[in-house]
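In: Predicted structure and sequence below. I'll ask about it afterward.
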Amino acid sequence: MCPLLQRFLWALNDESGAVPYGVPEAIGEILAARPGHRASILPILCGMLTEEETFQTGAVERGIYWALGRVGADALTHCPKVLDVVATAARSHPDAQTRAAAAAALAALEPTVTSPPGPSPAARSRAATSGE
């Protein structure tokens, strides 16, 4: 694992004392450009949405959804269980911005998956950002 990714993962750890806003997005960009790092990083990143002891919320949670969307369907190769979490968040997360981020990630992870009932992910994203 490259040292920069190690530092980013440490920043996402509660013990680091960091405020890791933007870190998941940076990880997503690196993984999109450097697929060779996905096998070691994606299970950890997905675990932050699925594992109680490393669960993230707020801006970091939204960033993880964004990162998964940036990586795309290959993320499911490394953490297939995350698809259900993303789909559930896209349908029913209490925060509109997080719902929008999850909906965008869902569209990128599985473009052929039937979208949740209601407006399309793009329409939900627009509505969430416009405050409708």
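Out: Perfect, thanks for sending it. Numbers count the residues shown, from 1 in each chain.

In: so where is the protein shaky, pLDDT-wise?
Out: 111-132 (pLDDT under 70).

In: Now do the helices in it.
Out: Assigned by DSSP state H, the chain shows helices spanning 3-12, 23-33, 38-50, 58-71, 75-78, 82-92, 96-109, 121-130.

In: could you redo those as CSV and give each row mean neighbour count?
Out: For every residue, glycine as well, the C-beta is placed using N, CA and C. Formatted as CSV, those follow (neighbours: other C-beta atoms under 10 Å):
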stretch, mean neighbour count
helix 3-12, 15
helix 23-33, 19
helix 38-50, 19
helix 58-71, 23
helix 75-78, 18
helix 82-92, 19
helix 96-109, 23
helix 121-130, 15
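
In: Please tell me how far Ile41 sits from Ala100.
Out: When distance is defined by C-beta to C-beta, to the nearest Å, Ile41 is 24 Å away from Ala100.

In: quick one, what contacts Leu68?
Out: Neighbouring residues of Leu68 by C-beta atoms under 8 Å, 6 or more residues apart in numbering: Gly28, Leu45, Cys46, Ala75, Val82, Val86, Ala105, Ala108, Leu109.

In: try Gly36
Out: With contact set as C-beta under 8 Å, 6+ apart, Gly36 has no partners.

In: Please apply the same query to the one 4 residues further on.
Out: The neighbourhood of Ser40, defined by C-beta under 8 Å, 6+ apart, consists of Met1.

In: give me that answer again for 10 Å
Out: Met1, Cys2, Leu5, Gln6, Leu9, His78 (C-beta atoms under 10 Å, 6 or more residues apart in numbering).

In: neighbours around Pro35, how many?
Out: 10 (other C-beta atoms under 10 Å).

In: From Val86, how far out is it?
Out: With C-beta to C-beta as the criterion, Pro35 and Val86 are 20 Å apart.
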